[in-house]
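In: Got a predicted model here, sequence first, then my questions.
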There are 2 protein chains.
Amino acid sequence: MIRIVLDCMGGDNSPKAHVEGAILASKENKDLYIILVGKSKEILRELSKYEFDKNKINIVDAEDIIYSYDEPVKSIRSKKRSSLVVALNELIDKDYDGIVSTGNSGAFLVGCLFTVGKIKGVFRPALAPIIDRENGRFILLDSGANVDCDVKNIVQFADLGRLYYEILFKKDNPTVKLLNIGTEKNKGNSVIRKAYDQLMNDPNINFKGNLEARDIFKDDTNVVVCDGFIGNIALKIMEGTSKHIISLAIKDISKNFLYKIVEKIVPSFLNRVKGKYDYKKYGGAVFLGVKKVCVKSHGNSNEITIKNSINTAFKLVNEKIISSIEKLYL
Amino acid sequence: MIRIVLDCMGGDNSPKAHVEGAILASKENKDLYIILVGKSKEILRELSKYEFDKNKINIVDAEDIIYSYDEPVKSIRSKKRSSLVVALNELIDKDYDGIVSTGNSGAFLVGCLFTVGKIKGVFRPALAPIIDRENGRFILLDSGANVDCDVKNIVQFADLGRLYYEILFKKDNPTVKLLNIGTEKNKGNSVIRKAYDQLMNDPNINFKGNLEARDIFKDDTNVVVCDGFIGNIALKIMEGTSKHIISLAIKDISKNFLYKIVEKIVPSFLNRVKGKYDYKKYGGAVFLGVKKVCVKSHGNSNEITIKNSINTAFKLVNEKIISSIEKLYL
């Protein structure tokens, strides 16, 4: 039995979407046991709406919440009865297999580092969301866990990322590129240029050189590697630009005299494009390099996203990603 | 008379769009003299299509071209008869006022640094494109001239940027923010956090704190400041994301049974959105901090973009931006 702790509070749709997502995931995976953590009265009220196997879903009460505006380190230290801190303690005390949370990202990362701890040999764990593009998807890491990265961090992100991609998508020898301002060998800042040289000589990495940022949705690389500050900026610029373009589209189309007809079509387009950067399809960004499977799902996750995040955690536990990472650094 | 050198080669539409753009700019500005540099036969052939005042447009022959794939430093050194090198030499030898080019960006920046030189007191000149958003526009600097920036560079970009915005858009005390991964004071990497503290205490800068990257098109800040590596990544992610979303739109809409009707509407939308990151409206990214007005126009500039780039250069010369920057560091 694989046991996943679900932090049910601190998301936009807490705990309704979490309970429904857990029910859905539970039905898809026979060997899954889910521990719902949060305000037990609210969770029970939601649970009462469904039929489910009571041996496979449990509740642990936590009356407090870490909100998105709370300061990460301070709230992890002071809010001992928050759903996130209680969920992390359950994970460690009961030796469960993984955790999924939709709460405060900074607090989640800090909490995982403090409570779960790094795998031996990992310099700095990295956050690795999966991003859709027309011809498939790629993972981008680090996308925000580390704001000051040196060469050895970047090189290790490549190794963690390719292992993760191999396991999650069952692809041998996935391709890796560095996020950069051009494709030529000598492009980039001093850290990236040194990382390029090291990756070129690394026999474990199927390194394909630099990826120019403007081609990020056209390229077919599996793993895109960068400093966490730059990865987070890139992710947020994708989100902001996508919303901006959609907003322009709506304004432009609504000005047109054929609007009434177009109106019927546009929602389907918008629904498709929306959520492209919400990790909806694959479910969550994995925090790679800590001793348990830790998945951060977007704050506005709905029941499908949460189901997918639980499924991702389940799959990574099932495929023994933690011991695979441990073996890299024996 | 304000005298602007126009490098007519090395762009996607060379020299046709350049000649037409020059003719258009010449008609808009009485006191403008333009020196067209490039393959004189081709330029003459294009010029012969128009009526114009022969005292206001001149040609200087240059038979070679620096292409977009040429290595910047090497090509500036070795291609002495390229349109860019000849144009830069004309600028300095004849003490003209400014230059506009659509050619190889790296070669343009290197050429301006080598041939024109930095203004005394400027640590590193920065590239500053103007980017449209729904409620106006902002300038983003440095957007690619410097891949390794320290705190004093970032702080100076803020000062150069606000002066540029003041002069170009006649706005007193423009607002400045740092591009960052969150709005809180302690966000960002070590360089950005230190720059934050210095900018907060700088009496010349109307500093408004951090701009979270996802809000870049929603915010109303005038000047957005960042390291050149990050700025270039941000700019290219905007371009890539925008193309990706438009491509999704086209695919989605074309699948719909009402496609034939929508087809009539969509082109206007696409035409509007396309070029949003091509500097079409304002014309070019200014290379701020060198001793002449140097404007880099996008490689795919059409005649309107080139006209606008010439007009931007004209305006900046007319408003004496170079002596204003010199006064900052007396």
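Out: That came through fine. Numbering: from 1, shown residues only, chains lettered A, B, ... in the order given.

In: buried stuff in the top helix by length along chain A?
Out: Counting by DSSP state H, the longest helix found in chain A is helix A:228-255. Buried positions in helix A:228-255, judged by neighbour count with 16 or more other CB atoms under 10 Å in any protein chain shown: A:228-246, A:248-249, A:252-253. Every residue, glycine included, has its C-beta placed from N, CA and C.

In: surely A:Ile304 meets A:His18?
Out: No: contact criterion CB atoms under 8 Å: A:Ile304 and A:His18 do not qualify, at 12.0 Å.

In: neighbour count winner among the two?
Out: Neighbour count, other CB atoms under 10 Å in any protein chain shown: between A:Ile304 and A:His18, A:His18 has more, with 34 against 16.

In: mind checking pLDDT for the more buried one?
Out: Model confidence at A:His18, given as pLDDT, is 98.

In: Can you tell me the closest non-neighbouring residue to it?
Out: In space, and not counting its chain neighbours, A:His18 is closest to A:Cys8: 4.1 Å by CB to CB, 6 or more residues apart in numbering or on different chains.

In: quick one on the thing from earlier: so what secondary structure elements neighbour the longest helix of chain A?
Out: Counting contacts by 3 or more CB pairs under 8 Å, 6 or more residues apart in numbering or on different chains; DSSP states H and E, helix A:228-255 packs against strand A:126-128, strand A:136-141, strand A:175-180, helix A:259-273, helix B:228-255, helix B:259-273.

In: which neighbours does the first one have in its sheet, and in what orientation?
Out: Counting by DSSP bridges, the strands paired with strand A:126-128 are strand A:285-288 (antiparallel).

In: Identify the residues contacting the strand it pairs with?
Out: Outside strand A:285-288, the residues that touch it by CB atoms under 8 Å, 6 or more residues apart in numbering or on different chains are A:108-109, A:112, A:125-130, A:141, A:143, A:145, A:160-161, A:164, A:279, A:293-297, A:312, A:316, A:325.

In: Pull the distance from that strand to the chain's centre.
Out: The chain centre lies 5 Å from the centre of strand A:285-288; the measure is CA atoms, centre = their mean, to the nearest Å.

In: Stretch A:318-329 too?
Out: Its chain's average C-alpha position is 18 Å from that of stretch A:318-329, according to CA atoms, centre = their mean.

In: what does stretch A:303-313 give?
Out: Distance of stretch A:303-313 from the chain centroid (CA atoms, centre = their mean) equals 11 Å.

In: and that stretch, what's its mean pLDDT?
Out: 95.

In: what's the weakest-modelled helix or strand in chain A?
Out: helix A:259-273 (a mean of 65; mean pLDDT, DSSP states H and E).

In: one step back: tilt between the longest helix of chain A and strand A:175-180?
Out: 80 degrees (axes from the mean of the first three to the mean of the last three CA atoms, to 10 degrees).

In: Please, where are all the strands along the stretch 1-150 of chain A?
Out: Counting by DSSP state E, counting those that start in this stretch, one finds strands in the stretch 1-150 of chain A at the ranges A:2-7, A:32-38, A:57-61, A:98-101, A:126-128, A:130-133, A:136-141.

In: Dump those to JSON lines, plus mean neighbour count.
Out: Converted to JSON lines, those look like this (neighbours: other CB atoms under 10 Å in any protein chain shown):
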{"stretch": "strand A:2-7", "mean neighbour count": "26"}
{"stretch": "strand A:32-38", "mean neighbour count": "25"}
{"stretch": "strand A:57-61", "mean neighbour count": "17"}
{"stretch": "strand A:98-101", "mean neighbour count": "30"}
{"stretch": "strand A:126-128", "mean neighbour count": "29"}
{"stretch": "strand A:130-133", "mean neighbour count": "19"}
{"stretch": "strand A:136-141", "mean neighbour count": "22"}
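
In: Nearest to B:Ile43 among the ones you listed would be which one?
Out: Of all the strands of the stretch 1-150 of chain A, strand A:130-133 sits nearest to B:Ile43, with 42.1 Å by CB to CB.

In: For that closest one, give the mean pLDDT please.
Out: Computed over strand A:130-133, the mean pLDDT rounds to 90.

In: ok, which stretches of chain A are helices?
Out: A:16-28, A:40-47, A:72-78, A:83-93, A:105-111, A:151-169, A:190-200, A:228-255, A:259-273, A:303-318, A:321-328.

In: so how far is the longest one off the chain centroid?
Out: Centroid separation between helix A:228-255 and its chain, computed with CA atoms, centre = their mean, is 20 Å.

In: Just want the angle from it to helix A:151-169.
Out: Angle of helix A:228-255 versus helix A:151-169, following the same axes, to 10 degrees, is 60 degrees.

In: Nearest residue to A:Asn308 in space, please, no chain neighbours.
Out: Nearest to A:Asn308 is A:Gly283, by CB to CB, 6+ apart, at 2.8 Å.

In: residue contacts, the one you found?
Out: By CB under 8 Å, 6+ apart, A:Gly283 lies in contact with A:295, A:297, A:305-312.

In: Next: A:Ile139.
Out: Contacts for A:Ile139 (CB under 8 Å, 6+ apart) come out as A:128-131, A:161, A:164-165, A:222-224.

In: Can you pull the residues of the stretch 1-150 of chain A lying near chain B?
Out: A:133-134, A:144, A:147-148 (CB under 8 Å from any CB of the partner chain).

In: now these: which count as buried?
Out: For the residues of the stretch 1-150 of chain A next to chain B, a neighbour count by 16+ other CB under 10 Å gives the buried set as A:133, A:144, A:147-148.

In: tell me which of these is nearest to A:Asp215?
Out: Once CB to CB is applied, the member of those that ends up nearest A:Asp215 is A:Arg133, at 10.2 Å.

In: I'd like to check which residues are in contact with that closest one.
Out: Residues near A:Arg133 by CB under 8 Å, 6+ apart: A:216-218, B:244.

In: which of those residues count as buried?
Out: Buried among the contacts of A:Arg133 by 16+ other CB under 10 Å: A:216-217, B:244.

In: which among the residues you listed gets closest to B:Ser68?
Out: Nearest to B:Ser68 among the buried ones among the contacts of A:Arg133 is A:Ile216, at 19.9 Å by CB to CB.

In: Could you pull up the residues touching the closest one?
Out: A:Ile216 sits in contact with A:133, A:138, A:179, A:224, A:234, B:237, B:240-241, where contact means CB under 8 Å, 6+ apart.

In: do A:Lys187 as well
Out: Contacts for A:Lys187 (CB under 8 Å, 6+ apart) come out as A:180-181, A:193, A:210.

In: can you pull the pLDDT of it?
Out: 92.

In: What of A:Lys243?
Out: Looking at A:Lys243, the pLDDT reads 85.

In: Show me what counts as buried in stretch A:207-226.
Out: Result for stretch A:207-226 [16+ other CB under 10 Å]: buried residues A:207-217, A:219, A:221-226.

In: so what's the spatially most central residue of chain A bridging to?
Out: Nearest residue to the geometric centre of chain A (CA atoms, centre = their mean): A:Ala285, 0.7 Å. Beta-bridge partners recorded for A:Ala285 (DSSP bridges): A:Lys296.

In: what about it, distance to A:Thr305?
Out: Going from A:Ala285 to A:Thr305 by CB to CB, to the nearest Å gives 12 Å.

In: before we move on, what about A:Lys291?
Out: 25 Å.

In: And A:Asn206, by the same measure?
Out: Where A:Thr305 is concerned, A:Asn206 sits at a distance of 30 Å (CB to CB).

In: okay, those two: which has more neighbours?
Out: A:Thr305 (25 against 18).

In: Nearest to chain B: which residue in the stretch 1-150 of chain A?
Out: Closest approach between the stretch 1-150 of chain A and chain B, counting by CB to the nearest CB: A:Val147, at 4.3 Å.
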